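Q: below is the structure, and that's it, no one-letter string:
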């Protein structure tokens with residue numbers, strides 16, 4: 001694995017803070033009805049992405065996830081201004097404003113969505129990995145899903161095939177404790193989701209998903225195994241989300257005290273504490289990062305606000321390839 005250095009910690013702090021503030025802004029404009037539909041925010045889970053990106057080779061490795069998918073493409077290299085524009089439904093967005101919050105996508109940066117069907121991305125992730133194995137590309141696919149999707153039957157079919165064919169895929173369950181509003185302990189006879197891998201003799205285990213170092217180490221080990229042709233790994237990232245399942249979630253299933261307890265191990269705070277403890281940056285330098293992040297978010301908002309909505313004809317153009325299609329006027 002690439003060494004974790006002073007620069008790594010400073011990058012983690014800036015990236016995770018930007019992702020947090022980017023989504024805080026989305027929450028604010030959602031209330032103003034500038035972003036419509038559903039909005040699922042990642043606040044609290046940033047270490048899962050930060051650690052994984054450190055272990056990945058972004059020139060070839062791929063990622064696919066569910067609908068909590070705004071900051072992952074940014075981490076993979078997509079311009080955050082285009083991500084925010086997509087959420088606004090603007091023509092400058094990643095899918096010309098036609099995908100919205102749950103369907104961010106970038107072929108260029110190997111980010112394959114954004115999927116609204118619970119667990120729908122699990123077999124797709126294995127399919128992408130199958131393509132890489134078939135073409136001997138040496139790439140690895142990271143396939144993310146939530147604790148609720150771990151109860152889908154397609155997961156078992158996919159695990160079986162992935163092990164049979166030794167596919168270069170890492171299955172990552174982001175266990176934030178609640179499938180929408182249902183506690184993990186109420187959805188199955190066991191709470192250790194990672195043990196589902198044991199039935200397929202798949203290498204598997206739990207990971208502290210609030211610590212980017214632990215995430216990076218676990219993902220790196222899984223990537224090395226996949227590159228050697230030894231097949232998939234299943235990692236359960238134990239994490240937490242500070243906001244509701246979506247913006248419409250009243251969160252009656254948990255207490256404010258519970259949320260505050262998890263804020264004590266906030267991944268951004270953990271990284272900042274190490275930066276201060278090891279004197280990787282002065283208070284002035286940290287303030288400068290904070291101001292830079294604030295300006296970056298402002299730029300994204302300005303870009304999205306000023307971008308045009310798609311032309312009406314695109315609704316036809318993206319559906320019908322044949323120009324003289326019958327019944328279309």
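A: Arrived safely, thanks for sending. Everything quoted here is computed from the prediction, not taken from an experiment. Numbering: from 1, shown residues only.
Q: any idea of the pLDDT on residue 327?
A: pLDDT, residue 327: 68.
Q: let me redo that: residue 161
A: On pLDDT, residue 161 comes in at 98.
Q: ok, it - how many residues close by?
A: Residues contacting residue 161 under the criterion other C-beta atoms under 10 Å number 16. Glycine gets a C-beta too; all of them are placed from N, C-alpha and C.
Q: quick check: it touching residue 129?
A: No: assessed by C-beta atoms under 8 Å, residue 161 is found out of contact with residue 129, at 10.3 Å.
Q: shared neighbours of these two, anything?
A: residue 167 (C-beta atoms under 8 Å, 6 or more residues apart in numbering).
Q: on the three-state scheme, residue 172 is what?
A: Per DSSP: H, G, I helix; E, B strand; the rest coil, the local secondary structure of residue 172 is strand.
Q: check contacts around residue 188.
A: Contacts of residue 188 (C-beta under 8 Å, 6+ apart): residue 151.
Q: quick one, grab the pLDDT at it.
A: 80.
Q: next, it: phi, psi?
A: Dihedral pair for residue 188: phi -160, psi 170, per degrees, to the nearest 10.
Q: buried residues in the host helix or strand of residue 126?
A: Under the criterion of DSSP states H and E, residue 126 resides in helix 121-134. Under the neighbour-count criterion of 16 or more other C-beta atoms under 10 Å, helix 121-134 has 121-130, 132-133 buried.
Q: same thing with stretch 272-280?
A: So for stretch 272-280, counting by 16+ other C-beta under 10 Å, buried means 272, 275, 280.
Q: so residue 237 sits in a helix?
A: No: according to three-state DSSP, residue 237 belongs to no helix; its state is strand.
Q: could you list every residue that touches it?
A: Neighbour list for residue 237: 45, 48, 172-175, 207, 209, 215 [criterion: C-beta under 8 Å, 6+ apart].
Q: with residue 246 instead?
A: Neighbour list for residue 246: 38-40 [criterion: C-beta under 8 Å, 6+ apart].
Q: what pLDDT is listed against it?
A: Note for residue 246: predicted pLDDT of 89.
Q: how near is it to residue 121?
A: Residue 246 sits 18 Å away from residue 121, taking C-beta to C-beta, to the nearest Å as the criterion.
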